[in-house]
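K.L.:
got a predicted structure plus its sequence, pasted below:
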Amino acid sequence: MQLFYIDKISDEIILNKSESKHIVKILRKKKNDIVFFTNGKGFLFEAIITKADVKNCILKVLNKTAKTKQRNYHLHIGIAPTKNIERFEWFLEKATEIGIDEITPLICERSERKIIKLERLNKILISSIKQSLQYQLPQINKMISFKDFVIKDYDQKKLIAHCGNDKKLPLTSLKNKKNYLILIGPEGDFSASEIKLAKENNYTPISLGKNRLRTETAGIVATNTINLYN
């Protein structure tokens, strides 16, 4: 099954020029063919093509099905975007395929990237849920400073992964929780003052293994570990 994405779906779907061309010209869909859509909010829509036009394809919704979330937990990762934005985009793509609910880009003391394009990053998330046949679109938040983020109150198991010499719990020991919030630092790691501030705000230091990991790799390891142990 091929899955398409539209944010707002009504009884009649009118596709833009780009999507119309993709469905009619590239995929060679014709009038009366069935196409499946999601709105990223947990629903699958079955629609029939009523007008197969490369510039203005029109469909009629036949069925709407609520799809149960494929995970029994909520995962929120606060992560410092990498200097090479392609590495951060790779993290978003793969984390979405594995299963993630929310991403917050962080500006840390050692951050080398302090500007991101949310619209582009959201397109990557959309492409990933379409490819992996998922019906919940992860939420990507506006970039925020590390300090402003960690002092907020979250109803989640708050964890921080860092390379310091603190006593750390293995992430694998924290299975079967309902809500996780994991902080991943920039290239060069969190500063000592940031780690101290996180612990003062009830973040538990965790280990992602013995090896030193790149930022984007740490994000994937954390996402996959939570997925496997739940």
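P.N.:
Perfect, I can see it now.

K.L.:
can we go C-alpha only for contacts and neighbour counts from here?
P.N.:
Noted.

K.L.:
once you drop chain neighbours, what's closest to T225?
P.N.:
T172 (6.8 Å; CA to CA, 6 or more residues apart in numbering).

K.L.:
can I get stretch 187-201 in CSV, CA atoms only?
P.N.:
Extracted in CSV, the C-alpha atoms of stretch 187-201 (Å, rounded to 0.1, in the frame of the first residue of the first chain):
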residue,chain,number,x,y,z
GLU,A,187,28.9,17.8,19.3
GLY,A,188,31.2,18.3,22.3
ASP,A,189,28.5,17.2,24.8
PHE,A,190,26.6,19.2,27.3
SER,A,191,28.6,21.6,29.5
ALA,A,192,29.1,20.8,33.2
SER,A,193,26.8,23.7,34.1
GLU,A,194,24.1,22.3,31.8
ILE,A,195,24.4,18.8,33.4
LYS,A,196,24.2,20.4,36.8
LEU,A,197,21.1,22.4,35.9
ALA,A,198,19.4,19.3,34.4
LYS,A,199,20.0,17.3,37.6
GLU,A,200,18.7,20.1,39.7
ASN,A,201,15.5,19.9,37.7
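
K.L.:
residues making contact with it?
P.N.:
82, 108-112, 146-147, 150-151, 160, 162-163, 205, 214-215 (CA atoms under 8 Å, 6 or more residues apart in numbering).

K.L.:
and that stretch, what's buried?
P.N.:
Buried residues in stretch 187-201, counting neighbours by 16 or more other CA atoms under 10 Å, are found at 187, 189-191, 194-195, 197-199.

K.L.:
got it, and stretch 206-224?
P.N.:
206-208, 214-224.

K.L.:
and the furthest pair within the contacts of stretch 187-201?
P.N.:
I151 and R214 (25.4 Å; CA to CA).

K.L.:
and F37, that one's in a helix?
P.N.:
No - under DSSP: H, G, I helix; E, B strand; the rest coil, F37 falls outside any helix and is assigned strand.

K.L.:
next, the contact list for it, please.
P.N.:
3-6, 44-47 are the contacts of F37 under CA under 8 Å, 6+ apart.

K.L.:
quick one: buried ones out of the residues you listed?
P.N.:
The neighbour count (16+ other CA under 10 Å) marks 3-5, 44-47 as buried among these.

K.L.:
of those residues, closest to L181?
P.N.:
Distances from L181 to those, taken by CA to CA, are shortest for Y5, at 27.2 Å.

K.L.:
report the beta-bridge partner residues of the closest one.
P.N.:
On the basis of DSSP bridges, Y5 takes part in beta bridges with T38.

K.L.:
ok, now which ones touch it?
P.N.:
37-40, 126, 130 are the contacts of Y5 under CA under 8 Å, 6+ apart.

K.L.:
tell me the domain ranges of the protein?
P.N.:
Split into domains by automatic domain parsing, the chain comes to 3-66, 74-228.

K.L.:
span of the first one from start to end?
P.N.:
Here the two ends of domain 3-66 are set 15 Å apart, with distance taken as CA to CA, to the nearest Å.

K.L.:
would you map the helices across the protein?
P.N.:
17-21, 85-98, 118-131, 146-150, 192-200, 215-228 (DSSP state H).

K.L.:
distance to L181 and mean pLDDT for these - can I get that in JSON lines?
P.N.:
Converted to JSON lines, the helices of the chain look like this (distance: least, CA to CA, whole Å; pLDDT from 0 to 100):
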{"stretch": "helix 17-21", "distance to L181": "35", "mean pLDDT": "89"}
{"stretch": "helix 85-98", "distance to L181": "14", "mean pLDDT": "97"}
{"stretch": "helix 118-131", "distance to L181": "19", "mean pLDDT": "96"}
{"stretch": "helix 146-150", "distance to L181": "10", "mean pLDDT": "97"}
{"stretch": "helix 192-200", "distance to L181": "12", "mean pLDDT": "96"}
{"stretch": "helix 215-228", "distance to L181": "10", "mean pLDDT": "96"}
